[in-house]
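In: whatever this is, show me its structure:
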Amino acid sequence: MCDISSTELTASTEGSKPYRVSIWDFSGDPFYLNTIHHFLDSKALYLLTFNLSTYRTGDFEKTFATWLNYVIALNNQVKLLVVGTHADLLSLATIRRIGSEVDSLIKRHFSSFQENIQEKIRTIESMENIGSYMQDQLKHHVNTLQSFNTFIYSKHLAVSSANYIGVDALAAAITELASDVALFPMGLRQIPSLWVGVHDTLETLAKNMRIPIMQIDEFQSELIIRHGMRTMMPEICTYLHDTGAVVWLLNDEKLKQYVFLRPRWLIDVIKTLVRDDLRCLEYEEMEDILISRAVLKYR
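Out: Numbering: from 1, shown residues only. A predicted model of the protein is given here:
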């Protein structure tokens, strides 16, 4: 369903420092949409991949639109890098044709979204009497339109895992975008030296916990005891989340009370519970499985 990895990328310019990139793979199956919405962050760069060799004109709605609509609904903005795979199976001319078509369809899709919002605004404004509910709807649509923001990388990228063509170009594109302060103003931020020790503390805490979950107040208190910086703690925790070191779901009223010290562990839990190949189990049977795998501590 999902996997997490990280790597370092370095710009080609002399003296450039490496970028630590955290990569979250959501597999692309719509079956998992309801379980991953917490991880689709407006601060992220989205790599939307598709199989060039099976793409057909008219496939856009089922191949791209579902994911684009979902990300827009959650964040009202998206920074997009479209990547075609299986490039070794097609000619360069065909790859360019498909890339141009997909780029055009995505831009048209975003334009249609804006036009639909504008039409809803015009419809409400044309009403003689606008009740409180419609006033709220009008305010929502206006705010949506004002905050709607999209970015699509201009180059058509095509890769192949069979012979690794295009991989260097993809890495270069990610590095280029990561260093763009207009897109990612925090990407080149200088981290205070005092924050470095927080990572070591985090690793120690996570290593010693069978179930690496802490209440956020407890986690912050632990960091304050070891490092001080009380007033900076919310900012530090946000930084840890944004860089993929922890998962702190600040926008969820219930889950924001907790911090997951090992994102990989959290993903493994979700993968255990939500699978498209999982047979129907009785509650007690599922409970036994989760306890045996240390997902649950006790009944």
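In: where along the protein do the helices fall?
Out: In the chain, the helices defined using DSSP state H lie at 33-36, 60, 66-75, 92-125, 132-147, 167-178, 196-207, 216-227, 233-242, 263-273, 283-292.
In: show me what counts as buried in the fourth one.
Out: If I follow you right, that is helix 92-125. 95, 98-99, 102-103, 105-106, 109-110, 113, 117, 120-121, 124 (16 or more other Cβ atoms under 10 Å). Using the backbone N, CA and C atoms, a C-beta is placed for each residue, glycine as well.
In: between helix 132-147 and that helix, find me the angle.
Out: Counting by axes from the mean of the first three to the mean of the last three Cα atoms, to 10 degrees, helix 92-125 lies at 150 degrees to helix 132-147.
In: mind giving me the packing neighbours of helix 92-125?
Out: helix 60, helix 66-75, strand 77-85, helix 132-147, strand 149-152, strand 157-158 (3 or more Cβ pairs under 8 Å, 6 or more residues apart in numbering; DSSP states H and E).
In: wait, which of these is closest to residue 178?
Out: Of all these, strand 77-85 sits nearest to residue 178, with 10.5 Å by Cβ to Cβ.
In: now the closest one, how far from the centre of its chain.
Out: Here the centre of strand 77-85 is set off from its chain's centre by 12 Å, with Cα atoms, centre = their mean, to the nearest Å.
In: so what strands line up beside it?
Out: Each strand paired with strand 77-85, and its direction, by DSSP bridges: strand 46-51 (parallel), strand 149-152 (parallel), strand 157-158 (parallel).
In: can you list the buried residues of helix 92-125 in JSON lines and add pLDDT and distance to residue 38?
Out: Shown next, in JSON lines, are the buried residues of helix 92-125 (pLDDT from 0 to 100; distance: Cβ to Cβ, whole Å):
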{"residue": "95", "pLDDT": "95", "distance to residue 38": "35"}
{"residue": "98", "pLDDT": "94", "distance to residue 38": "32"}
{"residue": "99", "pLDDT": "93", "distance to residue 38": "31"}
{"residue": "102", "pLDDT": "93", "distance to residue 38": "28"}
{"residue": "103", "pLDDT": "93", "distance to residue 38": "29"}
{"residue": "105", "pLDDT": "93", "distance to residue 38": "28"}
{"residue": "106", "pLDDT": "93", "distance to residue 38": "25"}
{"residue": "109", "pLDDT": "93", "distance to residue 38": "24"}
{"residue": "110", "pLDDT": "92", "distance to residue 38": "24"}
{"residue": "113", "pLDDT": "91", "distance to residue 38": "23"}
{"residue": "117", "pLDDT": "92", "distance to residue 38": "25"}
{"residue": "120", "pLDDT": "93", "distance to residue 38": "28"}
{"residue": "121", "pLDDT": "93", "distance to residue 38": "30"}
{"residue": "124", "pLDDT": "92", "distance to residue 38": "32"}
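In: rewinding a little: winner for burial among the helices and strands packed on helix 92-125?
Out: strand 157-158 (a mean of 22; mean count of other Cβ atoms under 10 Å).
In: so what's the gap between it and the chain middle?
Out: Counting by Cα atoms, centre = their mean, strand 157-158 comes out at 20 Å from the chain centroid.
In: list of residues touching that strand?
Out: By Cβ atoms under 8 Å, 6 or more residues apart in numbering, the residues outside strand 157-158 that reach it are 52, 81-85, 87, 95, 99, 165-166, 169-170, 173.
In: the same query, at a cut-off of 6 Å, please.
Out: Outside strand 157-158, the residues that touch it by Cβ atoms under 6 Å, 6 or more residues apart in numbering are 83-84, 87, 95, 166, 170.
In: between the residues you listed, which sits nearest residue 135?
Out: Of all these, the one with the least separation from residue 135 (Cβ to Cβ) is residue 83, at 42.8 Å.
In: of all the helices of the chain, which one is nearest residue 20?
Out: Proximity to residue 20 (Cβ to Cβ) singles out helix 167-178 among the helices of the chain, at 9.6 Å.
In: care to break the protein down by domain?
Out: 40-178, 193-292 (automatic domain parsing).
In: mean pLDDT lowest where, among the ones you listed?
Out: When mean pLDDT is averaged over each of these, domain 193-292 scores lowest at a mean of 83.
In: which one of the contacts of strand 157-158 is nearest residue 272?
Out: Using Cβ to Cβ, the contacts of strand 157-158 come closest to residue 272 at residue 83, 29.1 Å.
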